[in-house]
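Peer 1: Model the structure of this input:
(one chain, ligands or ions: 1)
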Amino acid sequence: MDKVKKAQDLVREALAQGRSPCLTCSFQAEDVVVLHLLLQERPDLPVLFLDTGYHFPEVYAYRDALQKRLGFRLVNLLPDLSREEQERLYGRLYETDPGRCCAIRKVDPLFRALTAYDTWFTGLRREQSPTRAALEAVEEAVLPSGHRLKKVSPLYDWTLKEVFAYLAVQDLPYLPLYEEGYLSIGCAPCTAKPLDPSDPRSGRWAGKGKLECGIHLHGKEE
Ligand code: SF4
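Peer 2: Sure thing, here's the model as predicted:
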């Protein structure tokens, strides 16, 4: 079956079954494909962005330009501590203890927000990393609070080439950082160009032995 049609069917089926859906979106290319698929069906869907305060300026500019163009419901999730407060208290945690930094700035705000939803759409793909190779289209995520929700990744079996082909066909812009050689884009201090071209996430937390920020380590992925 055509992969776009398969992804559309997955989106429709999950929306029909769920009562309170959301999308987490870091505005990487695959997230924008899922966003576009979802907006065809549910224009008022909450689009959750983890606003860590450490993103590249290009990410904030692209987020705002795309929001203006597509008109989606952007929800910026903020940590309890501002970037300045955190650095005053703990210094550069992204250098000394990135696990704690991700916990404060990504995991805690996201898991708090997700308790309001029963269906969580993501742009995850198997090809992105060895840690995602066994990803299924639909999984169950269990938060530390015990809240359970259906986690849906409509592009689970897509290649990066297919992602960019979709954006081209739909005339959707992508983050300009891709043009500079970045393949997986997160917070600026923890993102470099990939060390291993066959592993797009090998530029994330380079040299710190970390491949995930902790928000995708629940349910079957554990
Ligand atoms: S990716 Fe880096 S800067 Fe962003 S929250 Fe995690 S450790 Fe901190």
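
Peer 1: So for stretch 55-66, what gets flagged as buried?
Peer 2: For stretch 55-66, the neighbour count (16 or more other CB atoms under 10 Å) marks 55-56, 58-59, 62-63, 66 as buried. For the C-beta atoms, the positions are set from N, CA and C on the backbone; glycine is no exception.

Peer 1: I'd like the residues you listed as JSON lines, with secondary structure and distance to the ligand appended.
Peer 2: Putting the buried residues of stretch 55-66 into JSON lines (DSSP: H, G, I helix; E, B strand; the rest coil; distance: CB to the nearest ligand atom, whole Å) gives the following:
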{"residue": "H55", "secondary structure": "coil", "distance to the ligand": "8"}
{"residue": "F56", "secondary structure": "coil", "distance to the ligand": "11"}
{"residue": "E58", "secondary structure": "helix", "distance to the ligand": "15"}
{"residue": "V59", "secondary structure": "helix", "distance to the ligand": "12"}
{"residue": "Y62", "secondary structure": "helix", "distance to the ligand": "17"}
{"residue": "R63", "secondary structure": "helix", "distance to the ligand": "16"}
{"residue": "L66", "secondary structure": "helix", "distance to the ligand": "21"}
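
Peer 1: Can you name the two of these that sit furthest apart?
Peer 2: Between any two of those, the greatest separation by CB to CB is 14.7 Å, found for F56 and L66.

Peer 1: L177 and A168: what is the separation?
Peer 2: 17 Å (CB to CB, to the nearest Å).

Peer 1: When the two are compared, which one has more neighbours?
Peer 2: For the pair L177 and A168, the greater number of neighbours falls to L177 (18 against 10), based on other CB atoms under 10 Å.

Peer 1: residues from this structure in reach of the ligand?
Peer 2: Applying CB under 6 Å from any ligand atom, one finds that the chain approaches the ligand through 52, 54, 94, 98, 101-102, 105-106, 186-187, 189-190, 213.

Peer 1: List phi and psi for A141.
Peer 2: phi -110, psi 140 (degrees, to the nearest 10).

Peer 1: can you give me the helices for the protein?
Peer 2: 3-17, 29-41, 57-70, 83-90, 93-96, 98-102, 108-114, 160-169 (DSSP state H).

Peer 1: Ok, which of those comes nearest L149?
Peer 2: Among the helices of the chain, the nearest to L149 by CB to CB is helix 108-114 (6.4 Å).

Peer 1: so how far is the closest one from its chain's centroid?
Peer 2: Going by CA atoms, centre = their mean, to the nearest Å, the spacing between the C-alpha centre of helix 108-114 and its chain's C-alpha centre is 13 Å.

Peer 1: swap in stretch 128-139?
Peer 2: 13 Å.

Peer 1: now do stretch 176-194
Peer 2: That offset, for stretch 176-194, works out to 14 Å (CA atoms, centre = their mean).

Peer 1: was I right about R126 contacting R132?
Peer 2: Yes. Using CB atoms under 8 Å, R126 makes contact with R132 at a distance of 5.6 Å.

Peer 1: Excluding sequence neighbours, find me the nearest residue to T52.
Peer 2: What sits nearest to T52 in space, not counting adjacent residues and going by CB to CB, 6 or more residues apart in numbering, is R105, at 4.1 Å.

Peer 1: how near is the one you found to F121?
Peer 2: From R105 across to F121, the span is 22 Å (CB to CB).

Peer 1: Looking at the two now, which is surrounded by more residues?
Peer 2: Neighbour count, other CB under 10 Å: between R105 and F121, F121 has more, with 30 against 26.

Peer 1: Please tell me I have it right and the more buried one contacts V34.
Peer 2: Yes. Counting by CB under 8 Å, V34 is a contact partner of F121 at 5.8 Å.
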